[in-house]
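J.: build me a structure from this.
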Amino acid sequence: QVQLVESGGGLVQPGGSLRLSCAASGFTLDYYAIGWFRQAPGKEREGVSCISSSDGSTYYADSVKGRFTISRDNAKNTVYLQMNSLKPEDTAVYYCATDFVCSWFPADFGSWGQGTQVTVSS
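T.: The predicted structure follows:
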């Protein structure tokens, strides 16, 4: 059974950092792309970052480029999202999702975690 579990969210002040984790079970991450998405209240779910399975290519939304870093540890079957220089507009529930290739469209991902709340506020 494919399962993704996010962790690492919390409350942080503007300018602070958090590292989110997406732990996979029931399948081997090596062969799949992992995307991070976020959804703020009243807004649509949007793509934040993605890491491919084939060559480890990484992709970032313009709004997080230079501040967020996605990485994977295949030995731990886990993908991370390091978030630095956080802004209040980064506040959202963050989800990881998996499928065969990276995409910016949530509908392209077949399996999702339950989400972790990130709140950036002073």
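
J.: and the strands in the protein?
T.: Listed in chain order, the strands of the chain (DSSP state E) span 3-7, 10-12, 18-25, 33-39, 46-51, 58-60, 68-73, 78-83, 92-99, 111-112, 116-120.

J.: any weak-confidence spans in the protein?
T.: In the prediction, the chain carries no residues with pLDDT under 70.

J.: residue 122 versus the one residue sitting closest to the centre of it, what's the distance?
T.: When the chain is reduced to its mean C-alpha position, the nearest residue by Cα atoms, centre = their mean turns out to be residue 36, at 2.6 Å. Distance of residue 36 to residue 122, computed by Cβ to Cβ, to the nearest Å: 24 Å. All C-beta spots, glycine's among them, are computed from the backbone N, C-alpha and C.

J.: what do you get for residue 113?
T.: Going from residue 113 to residue 122 by Cβ to Cβ gives 28 Å.

J.: looking at these two, which has the bigger crowd around it?
T.: Each of residue 113 and residue 122 has its neighbours counted (other Cβ atoms under 10 Å); residue 113 has more, 20 against 8.

J.: circling back to that earlier point, in this structure the residue nearest to the centre of the chain contacts residue 58, no?
T.: No - counting by Cβ atoms under 8 Å, no contact exists between residue 36 and residue 58, whose distance comes to 10.7 Å.

J.: find residues that contact each of these two.
T.: Residues touching both residue 36 and residue 58 (Cβ atoms under 8 Å, 6 or more residues apart in numbering) are 49, 50, 70.

J.: ok, the nearest residue to the last one once chain neighbours are set aside - contacts?
T.: Spelled out, it's residue 70. By the measure of Cβ to Cβ, 6 or more residues apart in numbering, the closest residue to residue 70 outside its immediate chain neighbours is residue 49, 4.4 Å from it. Under the criterion of Cβ under 8 Å, 6+ apart, the contact list for residue 49 reads 35, 36, 58, 59, 60, 61, 64, 68, 70, 81.
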